[in-house]
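Enquirer: whatever this is, show me its structure:
(chains A and B)
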Amino acid sequence: MIPEEIKKLIGTSGAVQYYAVEKGAIRRFAEAVDDANPLFQDEEYARKSPYGGIIAPPGFFGWPQKQVRDSPLAVDIPPELEAAFEKAGYPLSLVLDGGMEYEFFLPVRAGDILSAVTTVRNLRERTGEGGSIIVSFLDTVYHNQAGELVAKQQLMFVRRSLNSPPPEAVHA
Amino acid sequence: MPEQLYWEDIEVGAEITPLAKIATTQMLVRWAGASGDFNPLHYDSAYVASAGLGQVIVHGALKRQWLIQLMTDWMGDQGFLKKFSCQYGAMDYPRHMQSISEPQDGETWHCRGKVTRKYIEGDIHLVDCKISLENGKGEITTSGKATVILPGKSTDAHPG
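Expert: Next up is the predicted model:
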């Protein structure tokens, strides 16, 4: 059973978060992936490409303008959700990234300012030996400074209870 | 970048050009800084031990980004990644460093994929693909799907 104080948060959203897409941050991200695609770092190459300028690798939405505290996620989840998980014995230290779905509508360009809102779409519980995990399905929608829809994402965010087995056992 | 791929040139069952990757402890620190995921599970061995894990683990999001690169490398500058999804099935562990810049010998990962469907919607030319990440033992640790818009020989692919 998912505790009621967590379950009642289905449908709630976090605050609007803004992301600046800076050229240097795009390059640093591409370097961290070891992705040498010139569209992400070579201004002259990118200018002559169909995009006419540097774009970000799909999946990079810039750096949050307001620090996202106490969360390994770059999205702002409703603070009530975080508090409810902690209170019910699903601490942040036992969080795991379960997977991601993206739909892309427009490229993210160097210089964009994106806005994003994250909504708790669903929660599912899986109970195994010695504990339970709750998977949160978190939907984030990104728009650019022109108000155009850029991308939708769905993050599967896994929380383990304090008495649940270590990740190997629950991961598959 | 390789030559542009066109929708007409792809058949169902075609293999996506594989992408070899390595993960090192150094790269995980770099990824933490670039992505903003500072979970100590990815760089602090003492913390990892206290959490009941054997060793630091590769960020799921980094594996996801490798698979995204598999697609962007393959589709070329005129392609557009329309949809992407992945799920993590098993942990991966980075190579340690043997010097300030060189990793130890060890595991190499391979991103792979296949075209599962080829279709047209309106005037948009699309292919669906099944993708996966294999560890050094050939076991799949991450799997997913991607949909790519490719240019047709007489149409543009990229929106914007």
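Enquirer: lowest-pLDDT helix or strand in chain B?
Expert: The weakest-scoring helix or strand in chain B, judged by mean pLDDT, DSSP states H and E, is helix B:45-50 (a mean of 92).
Enquirer: so does the very next helix or strand once past that one get close to chain A?
Expert: Going down the chain from helix B:45-50, the next helix or strand is helix B:60-75, by DSSP states H and E. Yes: contact of helix B:60-75 with chain A (Cβ under 8 Å from any Cβ of the partner chain) involves B:60, B:61, B:62, B:64, B:65, B:66, B:68, B:69, B:71, B:72, B:73. From N, CA and C alone the C-beta is placed, and that goes for glycine too.
Enquirer: centre of the chain to helix B:60-75, how far?
Expert: From the chain centre to the centre of helix B:60-75 is a distance of 3 Å (Cα atoms, centre = their mean, to the nearest Å).
Enquirer: same check, this time on stretch B:41-58
Expert: Distance of stretch B:41-58 from the chain centroid (Cα atoms, centre = their mean) equals 23 Å.
Enquirer: any low-confidence regions in the chain?
Expert: If you meant another chain, say so; for now it's chain A. Along chain A, the parts satisfying pLDDT under 70 run over A:67-75, A:128-130, A:164-172.
Enquirer: wrong one, chain B
Expert: Those would be B:1-2, B:156-160, if you go by pLDDT under 70 across chain B.
Enquirer: and the helices in chain A?
Expert: A:4-7, A:23-33, A:43-48, A:79-87, A:167-171 (DSSP state H).
Enquirer: in a markdown table, list those helices along with distance to residue A:144 and mean neighbour count.
Expert: Rendered in a markdown table, the data for the helices of chain A read as follows (distance: least, Cβ to Cβ, whole Å; neighbours: other Cβ atoms under 10 Å in any protein chain shown):
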| stretch | distance to residue A:144 | mean neighbour count |
| --- | --- | --- |
| helix A:4-7 | 33 | 15 |
| helix A:23-33 | 15 | 19 |
| helix A:43-48 | 17 | 13 |
| helix A:79-87 | 26 | 17 |
| helix A:167-171 | 35 | 16 |
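Enquirer: chain B versus residue A:163, what's the distance?
Expert: Per Cβ to the nearest Cβ, to the nearest Å, residue A:163 is found 12 Å from chain B.
Enquirer: now, which of the residues of helix B:60-75 next to chain A sits nearest chain A?
Expert: Nearest to chain A among the residues of helix B:60-75 next to chain A, counting by Cβ to the nearest Cβ, is residue B:60 at 3.9 Å.
Enquirer: residues near that closest one, how many?
Expert: Residues within reach of residue B:60, counting by other Cβ atoms under 10 Å in any protein chain shown, total 24.
Enquirer: shouldn't it be in contact with residue A:156?
Expert: No: using Cβ atoms under 8 Å, residue B:60 is not in contact with residue A:156, being 9.8 Å away.
Enquirer: so which of the helices of chain A gets nearest chain B?
Expert: helix A:23-33 (3.7 Å).
Enquirer: outside of the closest one itself, list whatever touches it.
Expert: Among residues not part of helix A:23-33, those counted as contacts by Cβ atoms under 8 Å, 6 or more residues apart in numbering or on different chains are A:36-37, A:40-41, A:54-57, A:60, A:62-63, A:110-111, B:27, B:30-31, B:33-35, B:62, B:65-66, B:69.
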